[in-house]
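[1] 3D model of this:
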Amino acid sequence: MKRILYFCIPALLFMAPSCVDSLDDYNINKKAATDAPGATLVTSAERSLAIITSSSSVNNNPFRFYAQYWAATTYPDESQFVIATRQVDRNFWDPLYRDVLADLKEAKRLITADAFLDPKIKANQLASIETLEVLAWSILVNTFGDVPYSQALDITNVLPKYDDDAAIYADLIVRLDKAIGMFDASATGLGTADLIYSGSTASWIRFANSLKLRLGMTIADVDAAKAKTMVEATAGKVFTSNTQHAAIKFLATTPNTNPVYSDLVLSGRADFVGGNTLVDRMNTLNDPRRDDYFKALANGTFKGGTVGAPNSYAANSAPGAKLEDPTMPGVLLSYAEVEFLLAEAVERGFNVGGTAMSHYDAGVTASILEWGGTTTEATLYLAQPEVNYLTAPGTYKQKIGTQKWIALYSNPVQGWTEWRRLDAPALVKPAAAISAIPLRLTYPTTEFNSNGDNANAAATAIGGNTVTSKIFWDKF
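    Residues are numbered from 1 along each chain as shown. From the prediction side, this is the model:
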């Protein structure tokens, strides 16, 4: 009997594979999750958003060149506004759609479908996602103008139409208001999956209102009445200190370091120096942030390279040591920016409390403190006739715009956006540039190859697929 069993067992083992339909069945890891939790997709989206907006890689974020914060050393092409050759437009476009918005859309679907999640927590999570989506979409519109929106991110429609940029903004404002109304301060949100606020609902409410303030002021030149209503609704609900601003906390170890650290340190390259436009302005104003933004030369002075031209790394001031810190936060919206927005709001007659000068002073002070300076340094800086709000030259847009431009140094996407909107400071096209300073990025070549009819229609609608076609809010 035992001999019969011995012969049967190998036979059974030999026959066992016949129960498997495909060899692919052997490759299934039954211990691995088949679906990603929605909250982890938010983590990924937050990280991707901070990376693309903070990066100093000229292949995907050339905006430090456009705002003339930096100049190039050996390879000046991107500082001369060469875009298509390196597919800069595509490299900024793709991450926002693929790595940010697609992840947020799927996170929203999974969280909505979670029947076991507490309703209040679910509402806070969805409101946080909606706020991030509004931020990401606004960046896309501010960068390109008309973009695929209402039909975007739909796998059943590979040829989405492009929506009008003003119409997208109008919808984003409605969505943001809905998100603000969804938050319940008595409950938590995304928890540790949230890299910005660790799930603090109170912080997300302030962030959403601060974003509403930004969007409201962005449209102020095209719809003053709507801007006034939006901005006044945020009074007393926005950031009030540097501890509250929206930023990703990067880590000291790869691959989760600040991308600027990767470009300045890990790359082993010396591609960037301070732009003479910014360095000269900071020298003139004896700006206390100068030694944080840039490194001094051997003689203790600061010198910027010629924007739009090749420059000597050794003969000019390189980006400062603080930018070489792998843990430097990736700022999405800062307290300093909020105060400058409020200063402008007062000048436009919006009822937000305070004076234009008080908010301007608070914005300058917040930026100096953010970079490690002191209130004493801020007070001395603001006392200079060229900085003091009462005596600084120019219109309110020029006064606020210049100091805001300086303060947004580590948020180059927004720095470029605010320069376009306020037209301050007066930046001059580099002599060797192939075009005027870009007012938008061109649509990626891949869009014309894969979605040509819609891309061409959008280019026509915006006035041509050129860098000088203006976004709807850019009226002056």
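
[2] quick check: mean pLDDT of the helix or strand harbouring residue 53?
    Per DSSP states H and E: residue 53 is located in helix 38-54. The average pLDDT within helix 38-54 is 97.

[3] so how far is it off the chain centroid?
    Relative to the centre of its chain, helix 38-54 is centred 11 Å away, using Cα atoms, centre = their mean, to the nearest Å.

[4] buried sites along that helix?
    Of the residues in helix 38-54, 38-39, 41-54 count as buried by neighbour count, 16 or more other Cβ atoms under 10 Å. C-beta coordinates here come from the backbone N, C-alpha and C atoms, glycine included.

[5] for it, C-alpha coordinates in PDB please.
    Extracted in PDB, the C-alpha atoms of helix 38-54 (Å, rounded to 0.1, in the frame of the first residue of the first chain):
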ATOM      1  CA  GLY A  38      -6.000  56.800  -1.500                       C
ATOM      2  CA  ALA A  39      -4.000  58.700   1.100                       C
ATOM      3  CA  THR A  40      -0.700  57.300  -0.200                       C
ATOM      4  CA  LEU A  41      -1.500  58.700  -3.700                       C
ATOM      5  CA  VAL A  42      -2.000  62.100  -2.000                       C
ATOM      6  CA  THR A  43       1.500  61.700  -0.500                       C
ATOM      7  CA  SER A  44       2.900  61.000  -4.000                       C
ATOM      8  CA  ALA A  45       1.100  64.000  -5.500                       C
ATOM      9  CA  GLU A  46       2.200  66.400  -2.900                       C
ATOM     10  CA  ARG A  47       5.800  65.300  -3.300                       C
ATOM     11  CA  SER A  48       5.600  65.600  -7.100                       C
ATOM     12  CA  LEU A  49       4.100  69.000  -6.900                       C
ATOM     13  CA  ALA A  50       6.800  70.300  -4.600                       C
ATOM     14  CA  ILE A  51       9.500  68.800  -6.800                       C
ATOM     15  CA  ILE A  52       8.400  70.300 -10.100                       C
ATOM     16  CA  THR A  53       7.800  73.700  -8.600                       C
ATOM     17  CA  SER A  54      11.000  73.800  -6.600                       C
END
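
[6] let's number from 680 now, not from 1
    Let's use 680 as the start, then, which means that last one is helix 717-733.

[7] which elements pack onto that helix?
    When contacts are defined as 3 or more Cβ pairs under 8 Å, 6 or more residues apart in numbering; DSSP states H and E, helix 717-733 sits against helix 781-792, helix 798-823, strand 925-927, helix 938-940, strand 1009-1012, helix 1091-1101.

[8] quick check: angle from it to helix 798-823?
    Taking axes from the mean of the first three to the mean of the last three Cα atoms, to 10 degrees, helix 717-733 and helix 798-823 form an angle of 30 degrees between their directions.

[9] between helix 1091-1101 and helix 717-733, find me the angle.
    Counting by the same axes, to 10 degrees, helix 717-733 lies at 60 degrees to helix 1091-1101.

[10] quick one: the strands in this structure?
    For the chain, applying DSSP state E gives strands covering 749-751, 826-827, 841-842, 925-927, 951-953, 1009-1012.

[11] so which of these is nearest residue 805?
    Of all the strands of the chain, strand 925-927 sits nearest to residue 805, with 17.9 Å by Cβ to Cβ.

[12] pLDDT on that closest one, on average?
    For strand 925-927, mean pLDDT is 97.

[13] pull out the buried positions in it.
    By 16+ other Cβ under 10 Å, the buried positions in strand 925-927 come out as 925, 926, 927.

[14] quick one: residue 901 and residue 1154 touch, right?
    Yes: between residue 901 and residue 1154 a contact is recorded at 6.0 Å, counting by Cβ atoms under 8 Å.

[15] who has more neighbours, the two?
    Comparing residue 901 with residue 1154 by other Cβ atoms under 10 Å, the one with more neighbours is residue 901, at 14 against 11.

[16] state the distance from the more buried one to residue 908.
    In this view, residue 901 and residue 908 are 14 Å apart by Cβ to Cβ, to the nearest Å.

[17] now do residue 788
    As for residue 788, its distance to residue 908 is 32 Å (criterion: Cβ to Cβ).

[18] what do you get for residue 807?
    For residue 807 relative to residue 908 (Cβ to Cβ), the value is 24 Å.

[19] neighbour count: the two, which is higher?
    With neighbours defined as other Cβ under 10 Å, residue 807 and residue 908 compare such that residue 807 has more, 32 against 12.

[20] per-residue pLDDT, the more buried one?
    Note on residue 807: pLDDT of 98.

[21] who's in contact with it?
    Residues in contact with residue 807, defined by Cβ atoms under 8 Å, 6 or more residues apart in numbering, are 721, 858, 868, 869, 873, 883.

[22] can I get those residues in JSON lines with distance to residue 966?
    Output for the contacts of residue 807, formatted as JSON lines (distance: Cβ to Cβ, whole Å):
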{"residue": "721", "distance to residue 966": "37"}
{"residue": "858", "distance to residue 966": "37"}
{"residue": "868", "distance to residue 966": "38"}
{"residue": "869", "distance to residue 966": "38"}
{"residue": "873", "distance to residue 966": "34"}
{"residue": "883", "distance to residue 966": "33"}
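
[23] any idea how many residues pack against the closest residue in space to residue 1145 that isn't next to it in sequence?
    Once flanking residues are discounted, residue 1145 sits nearest to residue 1121: 6.9 Å by Cβ to Cβ, 6 or more residues apart in numbering. Number of residues near residue 1121 (other Cβ under 10 Å) recorded here: 20.

[24] is it true that residue 1121 touches residue 766?
    No: assessed by Cβ under 8 Å, residue 1121 is found out of contact with residue 766, at 10.5 Å.

[25] distance to residue 795 added to the strands of the chain, as a markdown table?
    Below are the strands of the chain laid out as a markdown table (distance: least, Cβ to Cβ, whole Å):
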| stretch | distance to residue 795 |
| --- | --- |
| strand 749-751 | 49 |
| strand 826-827 | 34 |
| strand 841-842 | 36 |
| strand 925-927 | 29 |
| strand 951-953 | 49 |
| strand 1009-1012 | 31 |
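
[26] I appreciate the help and will end here.
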